[in-house]
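Test case, fold it:
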Amino acid sequence: MPAITEPLAPAEGDPMLPRIVRVGKRARDHNGTVTLTLESADEMPLPTFRPGQFTMLYVFGVGEIPVSISGDAADETCLVQTVRAVGAVSQAVTELQPGDTLGLRRPFGTAWPLEDLNGRDVVIVAGGLGLAPLRSVIYHVLANRARFGNVALLYGARNPADILFRSQLEMWRKRLDVQLDVMVDHADSSWHGRVGAVTLLLPRLAVDAARATALVCGPEVMMRFVAAGLSDTGIPDSSIWVSLERNMECAIGLCGHCQVEGLFVCKDGPVLRYDRVRRLMGVKEL
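Alright, predicted model coming up:
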């Protein structure tokens, strides 16, 4: 049984004090969603992270939001963060341009259980923007492909226009050592792939359930149905990991905004084993 990952300690110094970073590159993924490549604005190196962790991004005069890291953990020269404009702060983040500065509080929270994946089949299931927090673990798995058994990446989007990292998905699809399937809920005339919920792809998995670990990220309702579907394939709940979202404001468990019973999503999560949070995932707005 995989061990429960422990929260990683924040950087030395005051975890509430942001450092200044600069936008190096800005890429528009689709309407309302951008990916920012953040660089150091001084001579200090950027903080390192483990796939699955998040940072707090602060736009001066506007506010602060938690954002999962979507870049490659092996690249220590930058931090890549994908943000969708859904509120005042996230809107301000998506409007930042190369050369603009913002505040960054270092990576917080738990990470995907990379060490526990060695020698196992790996199932990665993403829904919508949930592909962003999983992209860093995809980089790791593909860069170290020989360490793992069969690898499957299943991705569901609302419609073709909402597909994230489209060019990368096409590149990964060409690999012969990865099963990659993409579904959309609603198709248009440009779409020639599968249509329906991402859960419809689960019976097609070419993995050994007894030796498989699944990593799931997306809307809460999607994760619940995917976890149930993975259980139906024979993958035990103790081998399913999810990344939770909730209104995180301090990132260190002080403010209580992300508390669900005795769990603080910011410091006990966001990555948690499904058998630990299965009941809590029925809590509204988790």
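
Quick check, K25 in contact with L36.
Yes: the criterion here is C-beta atoms under 8 Å, and K25 meets it with L36 at 7.3 Å. (Each C-beta comes from the backbone N, C-alpha and C, glycine too.)

And those two? Which one has more around it.
L36 (28 against 12; other C-beta atoms under 10 Å).

Torsion angles phi and psi at that one?
Recorded main-chain torsions at L36 are phi -110, psi 130, according to degrees, to the nearest 10.

Would you verify that S231 is located in a helix?
Yes: membership of S231 in a helix is supported by DSSP: H, G, I helix; E, B strand; the rest coil.

from what I can see it touches S238, true?
No: under the criterion of C-beta under 8 Å, S231 is not in contact with S238, lying 10.5 Å apart.

So what's the residue count around V178?
Here the neighbour count serves as a burial measure; for V178 (other C-beta under 10 Å) it reads 18.

and the gap between it and A152?
Remark: distance between V178 and A152 (C-beta to C-beta, to the nearest Å) = 7 Å.

what's the answer for T213, then?
If you measure T213 against A152 using C-beta to C-beta, the figure is 11 Å.

Mutual contacts of the two, please.
Taking C-beta atoms under 8 Å, 6 or more residues apart in numbering as the contact criterion, the residues that touch both T213 and A152 are 121-123.

circling back: settle it for me: which of T213 and A152 has more neighbours?
Counting neighbours by other C-beta under 10 Å for T213 and for A152 shows that T213 has the greater number, 24 against 21.

Which of the helices or strands spans the more buried one?
Applying DSSP states H and E as the criterion places T213 in strand 212-217.

Pull out the CA atoms of stretch 158-168 and give them to me as PDB.
Once side chains and other backbone atoms are set aside, the C-alpha atoms of stretch 158-168 remain, and they are given as PDB (Å, rounded to 0.1, in the frame of the first residue of the first chain):
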ATOM      1  CA  ARG A 158     -16.000  20.300 -22.100                       C
ATOM      2  CA  ASN A 159     -15.500  21.000 -25.800                       C
ATOM      3  CA  PRO A 160     -12.700  21.000 -28.400                       C
ATOM      4  CA  ALA A 161     -12.000  24.700 -27.800                       C
ATOM      5  CA  ASP A 162     -11.300  24.000 -24.100                       C
ATOM      6  CA  ILE A 163      -8.600  21.400 -24.700                       C
ATOM      7  CA  LEU A 164      -5.500  22.400 -22.800                       C
ATOM      8  CA  PHE A 165      -1.900  22.000 -24.100                       C
ATOM      9  CA  ARG A 166      -3.300  20.700 -27.400                       C
ATOM     10  CA  SER A 167       0.100  20.600 -29.200                       C
ATOM     11  CA  GLN A 168       1.700  18.600 -26.300                       C
END
